[in-house]
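>>> How does the following fold in three dimensions:
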Amino acid sequence: MKVALFIPTLDGGGAQRVVLNLAEGLVGLGIEVDLILVKKKGDLLSQIPAGVRLVNLGKNRTLTSLLSLIKLVRKKRYSALITFMNYVNTSVLLTKPFLPKETKLVITEHNTLSTKLDGGGVKVSQKVKLYLMKILYPKADKMVAVSGGVAENVSLTIGIENQFEIIYNPIVNQKLKEITKADNRVAFPWDHNQEPVIIGVGRLTRQKNFRNLIEAFHIVNRDVPSRLAIFGEGELREDLEILVTQLNLQHRVWMPGFVDNVYDYMKASDLFVLSSSWEGFGNVLVEAMACGVPVISTDCPSGPSEILENGKWGGLAENDNVNSLAETMLRSLSMKQERLLNKRVSDFDVNKIANKYLDLLK
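Take a look at the predicted model:
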């Protein structure tokens with residue numbers, strides 16, 4: 001069996017990492033995998049798994065690469081072509097009449113579509129996009145959503161019957177397994193003491209809502225003196241730094257930006273918090289669980305509550321509610337939690353998820 005995965009570039013991001021992990025899982029099952037890029041660029045090029053063949057179409061845009069894609073698929077006769085991100089999905093679906101009938105076209109959705117629309121009204125370009133999705137998505141051989149919430153949201157937003165298959169993201173690869181087992185030590189910038197360390201990880205953007213995390217931490221710190229580390233970079237750094245100063249937390253909040261291996265910091269922490277206002281899945285939540293750290297999350301659309309099975313594996317706070325987040329953090333810190341999350345984490349193993357895709361293609 002030959003499978004092709006199609007994505008524009010390997011610029012760093014959740015979807016791109018999912019593509020690489022899925023490729024690793026499929027290769028591990030003995031599948032021949034081609035990773036097709038519109039353009040060979042991106043921070044993750046060095047992380048392409050062994051055994052995956054890279055195909056560079058050498059174009060600047062997805063639309064201008066479609067003719068080259070059609071020629072490649074007709075030549076290679078893939079068993080399946082799997083696409084990622086909705087603008088790529090719609091573009092490739094336009095080519096479906098020209099693809100071999102034996103090549104199944106599988107489109108995947110990774111985020112809640114409604115959050116991408118402007119709150120003040122839908123632009124003309126967005127209306128066109130939604131119309132194309134409504135017309136073209138049902139023509140796919142299979143549609144995959146990374147959570148039940150994403151499947152429902154996309155279906156309602158574009159106005160089609162929910163025919164998505166739910167397959168969670170492949171997160172736990174061999175590299176992550178090795179890192180979580182390693183005994184690597186990390187140094188936080190404060191003196192070693194018995195105060196609990198809370199961490200968050202993600203881009204410093206509105207979606208990740210680190211403002212709420214900092215404000216909730218301010219409440220927590222009054223009752224339980226603690227430390228907060230936020231790993232990531234983004235356009236809201238200055239705003240968040242101002243907030244930290246306003247709350248007089250400069251000596252208790254550390255924001256180092258990106259680090260080479262955030263997993264070691266996860267392992268050394270006492271609590272991981274996902275404070276997002278929305279997610280499609282919540283990859284970093286699974287990564288933290290794999291590191292054995294207790295986790296909590298906002299009950300945001302769409303993935304975290306499914307990952308945590310409605311609170312079975314970690315606390316859930318009301319979405320965009322500072323007081324609820326603070327209460328959930330305090331409750332988690334007060335509990336003696338056994339770090340035995342392996343049973344749930346195994347559900348997101350790359351080989352297990354790759355098998356689900358193979359079942360879909362049979």
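>>> just so I have it, where are all the helices in the stretch 101-250 of the chain?
Assigned by DSSP state H, counting those that start in this stretch, the helices in the stretch 101-250 of the chain fall at 124-136, 148-158, 174-181, 210-223, 237-246.
>>> Run through the neighbouring helices and strands of the first one.
Other elements packing on helix 124-136 under the criterion 3 or more Cβ pairs under 8 Å, 6 or more residues apart in numbering; DSSP states H and E are helix 86-93, helix 148-158. C-beta coordinates here come from the backbone N, C-alpha and C atoms, glycine included.
>>> what number of residues lie near residue 193?
9 (other Cβ atoms under 10 Å).
>>> gap between it and residue 158?
Taking Cβ to Cβ, to the nearest Å as the measure, residue 193 falls 52 Å from residue 158.
>>> ok, now residue 100?
From residue 100 over to residue 158 the distance is 27 Å, taken as Cβ to Cβ.
>>> So which of these two has more stuff around it?
Counted by other Cβ under 10 Å, residue 100 and residue 158 do not tie: residue 158 has more neighbours, with 20 against 15.
>>> you'd agree the more buried one is up against residue 134?
Yes: Residue 158 is within contact range of residue 134, at 4.5 Å (criterion: Cβ atoms under 8 Å).
>>> what mean pLDDT does the one helix or strand residue 351 maps to have?
Assigned by DSSP states H and E, residue 351 belongs to helix 350-361. Average pLDDT, helix 350-361: 96.
>>> Kindly report the same for stretch 263-283.
For stretch 263-283, the per-residue pLDDT values average out at 95.
>>> end to end, how far does that stretch reach?
Stretch 263-283 has an end-to-end distance of 13 Å (Cα to Cα, to the nearest Å).
>>> Only the buried residues of it, if you could.
For stretch 263-283, a neighbour-count test (16 or more other Cβ atoms under 10 Å) marks 263-283 as buried.
>>> Okay, and which of those residues map to helices?
Per DSSP state H, helices hold the following members of the buried residues of stretch 263-283: 263, 264, 265, 266, 267, 283.
>>> Please identify which of those is nearest to residue 38.
Using Cβ to Cβ, residue 283 is the member of those that lies nearest residue 38, at 22.9 Å.
>>> distance of the closest one from residue 342?
In terms of Cβ to Cβ, residue 283 sits 18 Å off from residue 342.
>>> how deep is residue 185 tucked in, by neighbour count?
Using other Cβ under 10 Å, residue 185 has 7 neighbouring residues.
>>> so who does it touch?
Residue 185 sits next to 264, 268 when contact means Cβ atoms under 8 Å, 6 or more residues apart in numbering.
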